[in-house]
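Colleague: Sequence first, predicted model second:
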Amino acid sequence: GQQVMQIPQYQHVQEGEDFTTYCNSSTTLSNIQWYKQRPGGHPVFLIQLVKSGEVKKQKRLTFQFGEAKKNSSLHITATQTTDVGTYFCAGTVGGGSYIPTFGRGTSLIVHP
Amino acid sequence: DAGVIQSPRHEVTEMGQEVTLRCKPISGHNSLFWYRQTMMRGLELLIYFNNNVPIDDSGMPEDRFSAKMPNASFSTLKIQPSEPRDSAVYFCASNLWGKSYEQYFGPGTRLTVT
């Protein structure tokens, strides 16, 4: 079955440093979504990427979808303590399926 | 507009007891998903419904787990009998199938089975 691998599992950074999490799928995706889960909270949708090579930005967050639509990344510039949480990617293979496969997530810990 | 509502938020029960988790999806959404989250296994899709009909329950771990969606505004996930390894956070999510891939998650139910 489809697998979505996400690395790293954990990342400790000092406030102000950059952070990147990577997502790789075993199959070509029709789209990929990113979610953020704060400690003790629930996953919250951040963004969806659909096109090959697509790049989207949300303030300090930059999302990329690979040319082959099998990988994606989330980069945060100048992390803040409010960025703490677990970031999940979720890939959908399409073909009428709206069921995403979630990666294991990357937990970001920001030290002030 | 209210988001996905789940109850209870916390449940502590003894092994062997029946547990029922409840979910009210966002009004107008036609798909509902039940997930289980643990440190060991991450976020697992247990079952999902489309227009109140169960479509895929291959993620349900055992026959002890069952889910129903009697109408568009209510779903339950039942565990009978519960076991300590069922301890996890259970999330319900909903979306508008065919229109958006974005899933809206509820706050979750933290289940502890002793």
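Modeller: On my side now, so go ahead. Numbering: from 1, shown residues only, chains lettered A, B, ... in the order given.
Colleague: tell me which parts of chain A are close to chain B?
Modeller: Contacts of chain A with chain B, taken as Cβ under 8 Å from any Cβ of the partner chain, map to A:31, A:33, A:41-45, A:48, A:88, A:90, A:92, A:98-100, A:102-105. In short, each C-beta sits where N, CA and C put it, glycine included.
Colleague: Buried members of these into PyMOL, please.
Modeller: Per 16 or more other Cβ atoms under 10 Å in any protein chain shown, the buried members of the residues of chain A next to chain B correspond to this PyMOL selection:
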select buried, chain A and resi 31+33+42+43+45+48+88+90+92+98+99+100+102+103+104+105
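Colleague: just for the chain, where's the confidence low?
Modeller: Using chain A here. Low-confidence segments of chain A, defined by pLDDT under 70: A:1-2, A:95-96.
Colleague: other chain: chain B
Modeller: Under the criterion pLDDT under 70, the flagged ranges of chain B are B:1.
Colleague: That one: strands as residue ranges?
Modeller: B:5-7, B:10-13, B:19-24, B:31-38, B:42-50, B:53-56, B:65-71, B:74-79, B:88-95, B:104-105, B:109-113 (DSSP state E).
Colleague: Please determine how far the spatially most central residue of chain B is located from chain A.
Modeller: For chain B, the residue nearest the mean C-alpha position is B:W34 (3.2 Å; Cα atoms, centre = their mean). B:W34 sits at a distance of 12 Å from chain A (criterion: Cβ to the nearest Cβ, to the nearest Å).
Colleague: Skipping adjacent residues, who's closest to that residue in space?
Modeller: Excluding the flanking residues, the one nearest B:W34 by Cβ to Cβ, 6 or more residues apart in numbering or on different chains is B:L46, at 4.4 Å.
Colleague: Give me the number of neighbouring residues for that neighbour.
Modeller: 20 (other Cβ atoms under 10 Å in any protein chain shown).
Colleague: wait, it sits on B:C23?
Modeller: No. With contacts counted by Cβ atoms under 8 Å, B:L46 stays clear of B:C23, the gap being 11.8 Å.
Colleague: Between the two, which contacts overlap?
Modeller: Shared contacts of B:L46 and B:C23, defined by Cβ atoms under 8 Å, 6 or more residues apart in numbering or on different chains, are found at B:34, B:77.
Colleague: before we move on, the earlier item: a markdown table for the strands of chain B, including distance to A:P8?
Modeller: As requested, those are exported to a markdown table (distance: least, Cβ to Cβ, whole Å):
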| stretch | distance to A:P8 |
| --- | --- |
| strand B:5-7 | 30 |
| strand B:10-13 | 31 |
| strand B:19-24 | 32 |
| strand B:31-38 | 19 |
| strand B:42-50 | 14 |
| strand B:53-56 | 31 |
| strand B:65-71 | 32 |
| strand B:74-79 | 32 |
| strand B:88-95 | 22 |
| strand B:104-105 | 23 |
| strand B:109-113 | 26 |
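Colleague: A:H12 is nearest to which of the ones you listed?
Modeller: When the strands of chain B are compared by Cβ to Cβ, strand B:42-50 sits nearest A:H12, at 19.9 Å.
Colleague: buried sites along the closest one?
Modeller: By neighbour count with 16+ other Cβ under 10 Å, strand B:42-50 contains the buried residues B:42-43, B:45-49.
Colleague: just stretch B:94-104 next, same as before
Modeller: B:94-95, B:97, B:101-104.
Colleague: Straight-line length of that stretch, end to end?
Modeller: Terminal residues of stretch B:94-104 are spaced 5 Å apart (Cα to Cα, to the nearest Å).
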